[in-house]
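**Q** What shape does this take:
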Amino acid sequence: MKRLSKNRKLVGFITILIVTIIIAVIITTSVIKNNNQVASDGYSATTANEGSSLISNYILNGITIGGITGKMEVLDTSDATATPEDILWGKTGYVKGKKITGTRIETVAQGKEAKCTFEKDITLIDDLENQVRIPKGFKIAEDSATTVEDGIVIEDLVGNQFVWIPAKTEDKGGATINLSSGGTAKIVYQRTDFGKQYGSYSDYSETMPSDEEASVNAWGGYYIGRFEAGDKESTEAKTMRAEEANQENTITIKKDQVPYNYITQANARTKAEGMDEAQQYATATTKLVSSYAWDTAISFIQIKNSDYGTNSPEGNYKNTTFPYTDITEASQKKNNNSSTLVPTGQTTAVSNIYDMGGNLYEYTTESYSYEGNPCVSRGGYYGNSYDRNPAGYRGSDIGNARSNFGFRVTLYCSTES
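**A** This is a model prediction of the structure:
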């Protein structure tokens with residue numbers, strides 16, 4: 001009898017608990033649905049459908065569904081006209097309901113990241129707000145700097161490379177560039193006496209070419225070959241040029257090339273001036289380096305190396321030593337007191353420019369006043385010492401094809417719109 005009494009008490013307790021829960025549910029429901037209000041996530045809307053889970057913020061503004069009037073505003077992008085070219089590189093936006101990523105390039109760094117070949121001439125700015133003109137058909141090289149002072153390199157469709165040299169003529173005030181140090185430098189497009197030449201500086205002369213003057217003043221600079229000229233066919237054959245080498249071989253301006261020696265000054269000029277047509281440059285002109293272009297490039301390099309014109313141990317000279325890769329791709333060492341011609345780009349670059357000091361004498365368009373040696377070469381060659389024949393050195397020559405003479409190409413942007 002005692003056990004039965006305990007069971008009855010348990011049943012009674014459970015019954016009371018159930019009734020309490022039911023009452024609590026009824027009270028809660030009446031609070032939530034009082035006056036036909038549906039509450040959800042902090043929003044409420046009047047509805048005749050007490051079981052509705054619709055939310056007004058999820059319904060388009062002005063539309064009523066199940067007694068709920070929508071509040072959602074939708075941005076209409078159907079009339080948008082922007083294209084990826086109108087949006088800055090790497091930025092995103094929504095046009096006609098679709099997300100697009102911008103492709104407009106304004107800086108050298110963006111051009112380098114994009115790895116794109118420009119379809120028209122364009123002026124970009126470097127990291128320090130300096131302007132750089134890029135001709136159609138070129139791109140920023142993968143190993144280019146993104147500041148002018150460190151050497152901005154452009155590359156054509158087959159990999160020939162040029163370095164931007166900021167400059168304007170003296171009557172235009174020169175070209176002033178911002179430096180990473182916080183200061184500025186002024187580069188004037190002019191000939192300079194570095195005090196290193198055969199004979200007297202006054203025996204050398206050149207009138208500033210009018211097309212060079214127009215281009216540098218229009219765009220604030222020009223390009224010089226990153227390397228001395230190379231020979232494409234000899235490089236592919238892995239054979240250095242010899243005295244009887246083909247004079248019609250293709251110019252290259254790349255690293256690890258056979259230097260284009262054994263060429264006359266006249267032929268070097270013809271080859272350089274014909275490069276733009278051979279490579280089908282649309283808006284750029286190539287030339288054999290003038291005394292103005294050579295000296296201005298040294299003045300630019302001296303922002304980084306103050307005495308490069310008079311002392312350039314970064315080149316390949318008899319009194320320098322450095323490791324290099326020969327034309328067969330074998331690792332070698334150039335020893336001190338040895339005279340060895342090496343492939344292009346094996347020496348130390350300054351401002352991303354190689355070989356202006358040492359490796360080969362380089363023919364220019366400058367003239368020497370005395371008969372018999374009217375042609376002028378610049379820099380030293382592998383048999384000189386860097387203090388006697390540095391990058392700023394001037395020498396006179398008859399202009400014949402010899403083992404220790406080569407040349408360099410410059411590039412100027414078009415002034416036509």
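**Q** Tell me who's in contact with Val216.
**A** Val216 sits next to Ala167, Lys168, Thr169, Ala175, Tyr189, Tyr222, Tyr412 when contact means Cβ atoms under 8 Å, 6 or more residues apart in numbering. (Glycine included, C-beta is placed from N, CA and C.)
**Q** For the last one, which residues are in contact?
**A** Which is Tyr412. So Tyr412 contacts Asp211, Glu212, Ser215, Val216, Tyr222, Tyr223, Ala284, Thr285, Thr286, Lys287 (Cβ under 8 Å, 6+ apart).
**Q** tell me the SS of it?
**A** strand (DSSP: H, G, I helix; E, B strand; the rest coil).
**Q** and it, what are its bridge partners?
**A** Under DSSP bridges, the beta-bridge partners of Tyr412 are Thr285.
**Q** For Pro209, see how far away it is.
**A** 9 Å (Cβ to Cβ, to the nearest Å).
**Q** what about Val376, how many neighbours?
**A** Val376 has 27 neighbours, counted by other Cβ atoms under 10 Å.
**Q** Buried residues, the helix or strand harbouring it. List them.
**A** For Val376, the element it lies in under DSSP states H and E is strand 375-378. Across strand 375-378, burial judged by 16 or more other Cβ atoms under 10 Å covers Cys375, Val376, Ser377, Arg378.
**Q** Neighbouring strands of that strand in the sheet, and parallel or not?
**A** strand 361-368 (antiparallel), strand 394-397 (antiparallel).
**Q** For Phe118, give its distance to Ala141.
**A** 13 Å.
**Q** scratch that, Tyr189
**A** Counting by Cβ to Cβ, the gap from Tyr189 to Ala141 is 24 Å.
**Q** So these two - more neighbours on which side?
**A** A count of neighbours by other Cβ under 10 Å puts Tyr189 above the other of Tyr189 and Ala141, at 28 against 20.
**Q** Tell me the predicted confidence for that one.
**A** At Tyr189, the model reports a pLDDT of 98.
**Q** Near the nearest residue to it once chain neighbours are set aside, how many other residues are there?
**A** Closest residue to Tyr189 apart from its sequence neighbours, by Cβ to Cβ, 6 or more residues apart in numbering: Ala167 at 4.1 Å. Ala167 has 27 neighbours, counted by other Cβ under 10 Å.
**Q** how near is Ala167 to Ser215?
**A** 10 Å.
**Q** Overlap in contacts, these two.
**A** By Cβ under 8 Å, 6+ apart, the residues touching both Ala167 and Ser215 are Tyr222.
**Q** pLDDT weak spots in the protein?
**A** Counting by pLDDT under 70, the ranges of the chain that qualify are 1-54, 60, 74-103, 417.
**Q** try 80
**A** 1-63, 65-67, 70-103, 417 (pLDDT under 80).
**Q** Which residues are in contact with the residue nearest the centre of it?
**A** For the chain, the residue nearest the mean C-alpha position is Ile140 (3.2 Å; Cα atoms, centre = their mean). Residues counted as contacts of Ile140 (Cβ under 8 Å, 6+ apart) are Val108, Gly111, Lys112, Ile134, Ile152, Val153, Ile154, Glu155.
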